[in-house]
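Colleague: How does the following fold in three dimensions:
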Amino acid sequence: MTNGLVIGDALRLRVSEEWLNQPSQDDVSRWIGNELDARPTAQNGLVTIDLPLARWAEWGILPDADAEPEVVDAWCSNLQTLARLLGTSAQRIGISSVGHVGAKDFDLLVSLNGSRVAAGAAPVAQTAEGPEMLLPPALAVLGLAQPLWGGTRLGREEQLAALAALRAYTARLEAVLGQSDMVSVELDEHLASFRFERVDRAALVWKVAGKKGDIYDLSLERTNESGESVPLPVGDLHPSAPVISVSGKEHLILSDDIDAVARIQKKYRNKVRKQVASALSDPSAVLPSGRTFDGLDLGRYSPRVAGFVPVVRVERAADIRSSGVDWYKDDEGGAFLHLEIAQPDGSGVTIEFATPEESQAFLDEARQNSAGTPMRVKEVDIIPTKPLTDRIEERLALHANYRPDAADQPVSEPDADEMPDPGGEGAKAKPGRLAAVIREVDEARPLAPADSPIDDAIVPWHRLDALLTSGSAMLKPHQRQGIAWLWHHYTRERHGVCLADDMGLGKTLQISAFLALQRTEGREVDRKRPTLIVAPVILLENWTRELAKFFKPEVFESLLVLRDQALRSRVEHGRLDVSTLPHYDYIVTNYDTLARYQQQLLSIDYATVVLDEAQAVKNPDALRTLAARGLKRSFAICSTGTPVENRLLDLWTLYEVISPGEPFGRRADFEETYEADVGDGVKALRKALLLPSAASSLLRRTKKEAQPSLPPKHDTVRLVAMTPDQLATERIVTRGSGSRSILETLQSLQKLYQHPRLLMRAEEAERGSRTTDEIVAESPKLQMCLDILAEVRKAGEKALVFTLWTKMQDLLARVLRERFDLPIVRIINGQTNQQRKAQEYLDEFEKDPGFAVLVLSPLAAGSGLTITAANHVIHYGRWWNPAKEDQATDRAYRIGQTKPVHVHFPVLHHPGDVTAGFDVGLHELVSRKRSMARDFLDPRRADDVTPEELQRLAQEKL
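Modeller: Numbers count the residues shown, from 1 in each chain. Purely as a prediction, here's the structure:
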């Protein structure tokens, strides 16, 4: 039982020390250590934990609608941990109205889990049943309800604005939590009947009226949910509040800027030409000076930016069946439930129930049976123990109402285009967020042939010697060539390049050396402008470490890392103040910040823009991609070891950032030219990019070419049969797939094939807590992973284990710690607290001698990090994208690795059939995608045939 009390500016919790020290609460203890600054204290069997109220409020801030899935999962995981710490399973908030909206005496009645709550918003709510600790989102809901609660006597429009904020939060909360009931909000019919839409962006447009076309009306237009521009009905704007009532229940809530513009626009109707002649070419001329209306001022942006509009995101439903992979079989003949039952004499028997009805009948009879009395089932006498009946209940519950657990999402999921063969589409409005409107190029222009070969002598190496801590002699030959290639394209005033070296060859060092040279030896105009470096958030610290390691302190002294406090201090009312940013030589930030504050960041003139791990902008429709395409710069560098991940269109998107229209034109033309036939498209792409000549704006070197001394890498696929119980569970998941999307079904299979316990909700898993041996026995794949790691420990070496799901990461950490008697097993997975401590964990891992294991997410921790202390990689939980998998492997297989690297792929299959099963299908899909990407990146001609290929072909055919 947890007790809570507000002490000063903190919520003080007291929990049982015995409960907190249980192995099943390892992740709670780890969260406390990582997330809180003040250490808990223990006394008389109780642990005292002080949670700052400021953090409590911060934890109630929901991930944005366009947040990366890893951010959503981290938030849900954090909430789940807090719920366990508080000892609460669900908080149901009921809000009902007293009177109707608009009435002077309008009020609210609020309840928590059916008990009336007194007006007010504090972490410990006063209910009719006594005090109750509120989870952060529950506290946020009560805070948003506060203006309408307790007889505050607001006017109608103020009530509408407050209700709109409450409705927006509860809708987003429901979307974030999905099917989870950790925090739920139920509004009464009256409150739920209102519809609100926030208007943050609009355009001023002149409309011609009158019979002769000589009357001019100034119209304010917004983009509706269908992406169409429609007039804003400013005639219905309230005289003193930013509310337009479209009907009694439909209302538009205007931002401050749009409200001000709307009131000015109303004055410019029915005007003759001479009255408005000076403003016809620029409608914003009617606005008063002395105030900035950023939503209407486009003069500061790149010519590619046509404007900014509210985001309307097109989401394509994933039709994974079209991938050509037989993910699962509609097998109606197998058993519903397979049980292995221990007998009192130590022997074991196997019983199968063919249907749910048969299982339910046995369960009903077992419940009525006297304890310890044997039952005759399938010609076998068994004793219906509680573990046995619990197992049957779990299976029946899974069959009756299986839904994915919203609290366990991938720590980092890809964009929609990373799903196999998506198809279909639907529009979803993103109120309150702005995206750049990018002008399309008219036609493709071929790359200019090289005017001269790249000469190493063009680089002012003597200047670079003075900038590097150890001089340019420290550079490897391929790195010197890369710097010369960058300098060649920059000095010839090319728009940009793609450095596509294999992972682990030092792309960051090559780019940093170029940037340092540009600051001292580049064009004068570029020496006066800042350089923008955008990287995944987990790599920001890596960038600063690399710069400090290789360059003298003064070289990158004028550098701003735009995150955490440096970011928060510049944000006010949702807008980023960029007035001081041009004073820095270098600005380092992440893709989410670029997407969120693109309207402000796109207004700056940059010397160079660097996109590290540039595959992050491969989705043409993503906010971050639109922002990257609209950046103003002299030169652009896309750095990625995987320019083609899922499809050839990935390359078109990169070149939309690098050099729009050169050599590719419109998206539709690219798809028709290069993707209609992938085989021919690969050859045509290489030709269009002038590969592998010096004139190409894409440079690719492999480890084999650049580092022939790098030790070998051995890939091993390890097949293992699933248990009959897993197979029976698979039938339940796939038989009930009609009520769920294909993606949900495949994610369920992905979890099942890693460990059946991943399909349990948190409360079910805790209720059915098992020993480590029992947990291992449930998953042959987990046992295989342990066998591999036992070999690694015997050799005194280190290993990385990659898996996607947070529950599996926690489960692995627990099992590995107990099985191998390790003091701790670190997890690096992109959660907020992990992002801050990832490098600390890596330093610890590298420093400790002998056997050690790291558990990582292949998406959040699969790029940029260097972990050469490990020479074993286990891909326990794989993802659809082979590039992500290769990036994860290359955390260990890169410059600095001195041992052969062993990559293990455990593949689970159906009992007795190595060709069937989800893992088998996933391995087939990943292999096919990897082949397509390598066909493009292979530096030899795509139509060449090697002697080895001829020999293999002969062996297959003869």
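
Colleague: so what secondary structure elements neighbour the longest helix seen in the chain?
Modeller: Counting residues, the longest helix found in the chain (DSSP state H) is helix 156-177. Secondary structure elements in contact with helix 156-177, counted by 3 or more Cβ pairs under 8 Å, 6 or more residues apart in numbering; DSSP states H and E, are helix 69-86, helix 136-145, strand 183-187, strand 195-199, strand 243-245, strand 250-254. Heads up, the C-betas are built off the backbone N, CA and C, glycines and all.

Colleague: of all these, which lies closest to T803?
Modeller: With Cβ to Cβ, the closest approach to T803 among the helices and strands packed on helix 156-177 belongs to helix 69-86: 13.1 Å.

Colleague: After the closest one, heading C-terminal, what element do we hit next?
Modeller: Per DSSP states H and E, helix 69-86 leads on to strand 91-98 as the next helix or strand towards the C-terminus.

Colleague: For the closest residue to L363 other than its chain neighbours, which three-state class applies?
Modeller: Among residues not flanking L363 along the chain, I392 sits closest, at 5.0 Å (Cβ to Cβ, 6 or more residues apart in numbering). Three states are possible here, and by DSSP: H, G, I helix; E, B strand; the rest coil the one that applies to I392 is helix.

Colleague: what about I392, how many neighbours?
Modeller: Here the count is done by other Cβ atoms under 10 Å, and I392 has 19 residues near it.

Colleague: how about the nearest residue to H489 once chain neighbours are set aside, phi and psi?
Modeller: Taking Cβ to Cβ, 6+ apart, and ignoring the residues beside it in sequence, H489 has V497 as its nearest neighbour in space, at 5.0 Å. In terms of degrees, to the nearest 10, the main-chain angles of V497 are phi -140, psi 170.

Colleague: returning to what we had before: give me the buried positions along the longest helix of the chain.
Modeller: 156-157, 159-170, 173, 176-177 (16 or more other Cβ atoms under 10 Å).

Colleague: does H875 really touch L800, like I thought?
Modeller: No - in terms of Cβ atoms under 8 Å, H875 does not count as a neighbour of L800; the distance is 9.4 Å.

Colleague: Between these two, which contacts overlap?
Modeller: Taking Cβ atoms under 8 Å, 6 or more residues apart in numbering as the contact rule, the neighbours common to H875 and L800 are A888.

Colleague: between those two, which one's more packed in?
Modeller: Applying other Cβ under 10 Å to H875 and L800 shows that L800 carries more neighbours, namely 28 against 22.

Colleague: in its sheet, what does whichever strand or helix holds that one sit against?
Modeller: L800 is located in strand 798-802, with elements delineated by DSSP H and E. Sheet pairing for strand 798-802, assigned by DSSP bridges, gives strand 852-856 (parallel), strand 872-875 (parallel).

Colleague: And the strands in the stretch 601-750 of the chain, which stretches?
Modeller: For the stretch 601-750 of the chain, strands defined by DSSP state E, counting those that start in this stretch occupy the ranges 605-612, 632-639, 698-699, 713-721.

Colleague: could you redo the ones you listed as TSV and give each row distance to L746, mean neighbour count and mean pLDDT?
Modeller: Below are those laid out as TSV (distance: least, Cβ to Cβ, whole Å; neighbours: other Cβ atoms under 10 Å; pLDDT from 0 to 100):
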stretch	distance to L746	mean neighbour count	mean pLDDT
strand 605-612	30	24	96
strand 632-639	31	23	96
strand 698-699	34	22	93
strand 713-721	20	14	94
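
Colleague: what bridges to I49?
Modeller: Under the criterion used here (DSSP bridges), I49 is bridged to L13.

Colleague: so what's it up against?
Modeller: R12, L13, R14, V15, I32, L36, P40, L85.

Colleague: Pick out the most distant pair among those.
Modeller: Largest separation among the contacts of I49 by Cβ to Cβ: R14 and L36, giving 14.8 Å.

Colleague: V733 versus V792, what's the distance?
Modeller: Plainly put, V792 is 33 Å away from V733 if you go by Cβ to Cβ, to the nearest Å.

Colleague: one step back: which of the contacts of I49 are buried?
Modeller: Those of the contacts of I49 that meet the buried threshold are L13, R14, V15, I32, P40, L85, by 16+ other Cβ under 10 Å.

Colleague: how about the third one, what does it touch?
Modeller: Right, V15. Neighbours of V15 in contact, by Cβ under 8 Å, 6+ apart: T2, L46, V47, I49, L85, G87.

Colleague: Where does pLDDT dip in the stretch 851-958 of the chain?
Modeller: For the stretch 851-958 of the chain, the stretches with pLDDT under 70 are 860-864, 932-958.

Colleague: what ranges do the helices span in it?
Modeller: Secondary structure of the stretch 851-958 of the chain, counting by DSSP state H, counting those that start in this stretch: helices at 882-889, 918-937, 947-957.

Colleague: Need the three-state assignment for I483.
Modeller: Here I483 is recorded as helix under three-state DSSP.

Colleague: Tell me which residues touch it, please.
Modeller: Contact analysis of I483 by Cβ under 8 Å, 6+ apart lists V459, L464, L475, Q510, A513, F514, L517.

Colleague: How about L339?
Modeller: T350, I351, E352, F353, L388, R391, I392, D725.

Colleague: Where does it sit: helix, strand or coil?
Modeller: Three-state secondary structure (criterion: three-state DSSP) places L339 in strand.

Colleague: That one and T350, how far apart?
Modeller: Distance, L339 to T350, using Cβ to Cβ: 7 Å.

Colleague: rewinding a little: okay, the residue nearest to L363 and L252: tell me how far apart.
Modeller: Distance from I392 to L252, counting by Cβ to Cβ: 54 Å.
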